[in-house]
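Asker: fold the following.
(6 chains)
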Protein chains: 4
Amino acid sequence: MQFKIDPDNGCPIYEQIARQIKYAIAEGTLTAGQLVPSVRELAKSAAINPNTVQRAYLDLQNEEVIETLRGRGMAVCIGAKKRCVSDRQSQLRDRLEDLVREAIHAGLESEQLKKMFDNALQRATSGGKAKL
Amino acid sequence: MQFKIDPDNGCPIYEQIARQIKYAIAEGTLTAGQLVPSVRELAKSAAINPNTVQRAYLDLQNEEVIETLRGRGMAVCIGAKKRCVSDRQSQLRDRLEDLVREAIHAGLESEQLKKMFDNALQRATSGGKAKL
Amino acid sequence: MQFKIDPDNGCPIYEQIARQIKYAIAEGTLTAGQLVPSVRELAKSAAINPNTVQRAYLDLQNEEVIETLRGRGMAVCIGAKKRCVSDRQSQLRDRLEDLVREAIHAGLESEQLKKMFDNALQRATSGGKAKL
Amino acid sequence: MQFKIDPDNGCPIYEQIARQIKYAIAEGTLTAGQLVPSVRELAKSAAINPNTVQRAYLDLQNEEVIETLRGRGMAVCIGAKKRCVSDRQSQLRDRLEDLVREAIHAGLESEQLKKMFDNALQRATSGGKAKL
DNA sequence: GTGGTCTAGACCACG
DNA sequence: GTGGTCTAGACCACC
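Answerer: Here you go, the predicted structure:
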C-alpha cells in the first residue's frame, strides 16, 4: 500500500494517514481481518516519524476501524468497511453542502457554480486515472 | 453589518471575520472608501476578543483590502472590490476542485457525486434565503 | 485539584489522569463548563511530561468528557457528569462481578469471600479518609 | 485439562495460562508429581504460540510451582498446593481491597457497593455451576 | 497565555 | 518481530 503525504497542506499528517486507511477500507483494498502496515514500516515508507503513525492508528482504534492483535500487529475490524463507506459518503456530502451553501450565500450564481462543478468533475475523472 | 461567528468549526475566528468582510465587499455591501466597523465595536457586537478582530484587520491590510485612515478608522481600499470578487471565485473554484478530486479519488461514482451536488444546490438556493 | 500518580502500578499514567478527572466530574468537584487544569500546569504539579497529560486529555476528548476552547483551555462538556457517573458505576460493577465470579470459579467459599469483602469495606471506609 | 484463553482481555495470555494452572493445583485437579501438559500439546489445544506457553511455564518454574523432569516433561512440585492456595487467597483479597478502596475513594456509597457485591455473588453462585 | 502537531529516541510487554 | 508508554523538546496557531 502506498501513502501520499503532504506535510504542508494544513491537514495533520496523522489525519492524512487515517483518512487514506479508511478510504482503502471503503474501496476494498483493505479487508476485515487483514493486517495494516506496521507502525515502523509505514513510518519508514512514508518518511515520517513512527509516533505520527501511532497517533493515526490510535484514532482509528478509537473509531473501531482497526484493532491491535498483541504481538502480531493491527488489523481491520470486522464491520469496519460498512462504517468507512458511509463515513466517506456522509463526510463528502456535508463538505459539498457547506461549500455550495457558502458559495450561494456569497452571491455566486447557480449557473456559474454549476459550470465550476462540471469543470472540476471533468478534470478529476480524466486526470485522476493518470495520477493514480 | 452583522457577523456570524462559530468559534467551534475549526476555522479561526479571525479568518471568519476577514472572509465575511471580503464577501461583503465582493457583493457591494461595503464599497470603496467606506469605513469598516471599529475593532472595539465589532468585538463587542460579535462577543469576541478585540485582539482577534485586530488580527483579522491586520490580514486585510496586508492584502490591501482595507487601509487605516489616521484618526478616523479603517476603510475599504479603492480597487478592493475587483480583487475580492476574483478572490472569492478562484477560492471557491479551488475548494470545489479539491473536493471533487478527493471524492473521485476515494472511489465515489461520478453519478453519485453529481446527484449530491444537485441536492446541495437545490437545498442552498431554496433554504438559503430563510436562513439569512 | 490534586492528582495522585503512581508511575509503577502497571496502569498507564495517562489513564490514571483521565480516570481521576472523570471521578472528579462524577463527584461534582469539576462541573460542566469549568476549565480543567492546563496541560502544562497539570504536568508540572504532577511532575510528569506534558505529552502524557495531553494524551489523557485526548482520550477524554474522544469520550466527549472535555472539549477544547481555542486559546483558553479545555473545559468539561455539558452532559459529561451524567456519563461519568454511569461510567463509574458500570465499570466498578463489571470489575466486581468479574472478581467475584473468578473467586467462586477458583473454588473460594461464599462465606470466605463475604468476609473478605466486609473487611475490605471496613478498612476502606475507616482508613480512606486518613489517607486523603 | 481445558484452558479458556481470551486473547483480547488485556491480561497477557501467558498469565492466563499460569493462573489457570495454579488454580487447578489449588483446587486439587493437578496434584504434586503429576505431569502438566507439554508445551506443544497445550499450545496446540489452546491454539496459541508455543513460545507463550513456554513463557508461562518459565514463570511457574521461577515460583517453584512446577519443575522439569529431564526427558519426561514438567511436573507439579511437592508443596506447590499449599503455596497456590494461599497465593490465590491473598491475591484475590488484595484485588478486592483495591477495588473497594477505589470505589469508596471515587465517592460510591457503602450501601450501593454492598448491594453490588451481593448481586455479583448471587449471580456467580447460581450461574457459575452451569458454566463449569 | 492556551492547546496542537511533530520529531527523536528510550524502554517495556507480548508472541 | 510487533505495538504501548513515556520523556524531551521543538514549532505552530489561536486568543
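
Asker: in the helix or strand A:Leu58 falls within, what's buried?
Answerer: For A:Leu58, the element it lies in under DSSP states H and E is helix A:50-62. For helix A:50-62, the neighbour count (16 or more other CB atoms under 10 Å in any protein chain shown) marks A:52-53, A:55-60 as buried. From N, CA and C alone the C-beta is placed, and that goes for glycine too.

Asker: that one and chain D in contact?
Answerer: No: judged by CB under 8 Å from any CB of the partner chain, helix A:50-62 makes no contact with chain D; its nearest approach is 12.7 Å.

Asker: restricting to C-alpha, output that helix in CSV.
Answerer: Coordinates of the C-alpha atoms in helix A:50-62 are reproduced here as CSV (Å, rounded to 0.1, in the frame of the first residue of the first chain):
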residue,chain,number,x,y,z
PRO,A,50,6.7,6.4,13.9
ASN,A,51,4.9,8.3,16.6
THR,A,52,2.9,10.2,14.0
VAL,A,53,1.7,6.9,12.5
GLN,A,54,1.0,5.7,16.0
ARG,A,55,-1.3,8.7,16.5
ALA,A,56,-3.2,7.9,13.3
TYR,A,57,-3.6,4.3,14.4
LEU,A,58,-4.8,5.4,17.8
ASP,A,59,-7.5,7.5,16.3
LEU,A,60,-8.5,4.6,14.0
GLN,A,61,-8.7,2.3,17.1
ASN,A,62,-11.0,4.8,18.9
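
Asker: what's the nearest residue to A:Glu81 if we skip its chain neighbours?
Answerer: Not Glu; residue A:81 is Lys. When the adjacent residues along the chain are set aside, A:Lys81 lies closest to A:Ile25, with 5.5 Å between them (CB to CB, 6 or more residues apart in numbering or on different chains).

Asker: tell me who's in contact with that neighbour.
Answerer: A:Ile25 sits next to A:31, A:65, A:76, A:80-81, A:84 when contact means CB atoms under 8 Å, 6 or more residues apart in numbering or on different chains.

Asker: residues in contact with A:Lys22?
Answerer: Counting by CB under 8 Å, 6+ apart, A:Lys22 touches A:60, A:65, A:84, A:87-88.

Asker: which of the helices or strands spans it?
Answerer: In this structure, A:Lys22 sits in helix A:13-27 according to DSSP H and E.

Asker: which ones are touching the closest residue to A:Gln54 other than its chain neighbours?
Answerer: Counting by CB to CB, 6+ apart, A:Val39 is the residue found nearest to A:Gln54 once chain neighbours are left out, at 5.4 Å. Contacts here follow CB under 8 Å, 6+ apart; on that basis A:Val39 touches A:50, A:53-54, A:57, A:74.

Asker: please state the offset of the lowest-mean-pLDDT helix or strand in chain A from the chain centre?
Answerer: Ranked by mean pLDDT, DSSP states H and E, the helix or strand of chain A with the weakest confidence is helix A:110-131, at a mean of 82. Helix A:110-131 has its C-alpha centroid displaced from the chain centroid by 20 Å (CA atoms, centre = their mean, to the nearest Å).

Asker: excluding its backbone neighbours, what's nearest A:Gly73?
Answerer: Spatially, and ignoring its direct neighbours in sequence, A:Gly73 is nearest to A:Leu35 (4.6 Å; CB to CB, 6+ apart).
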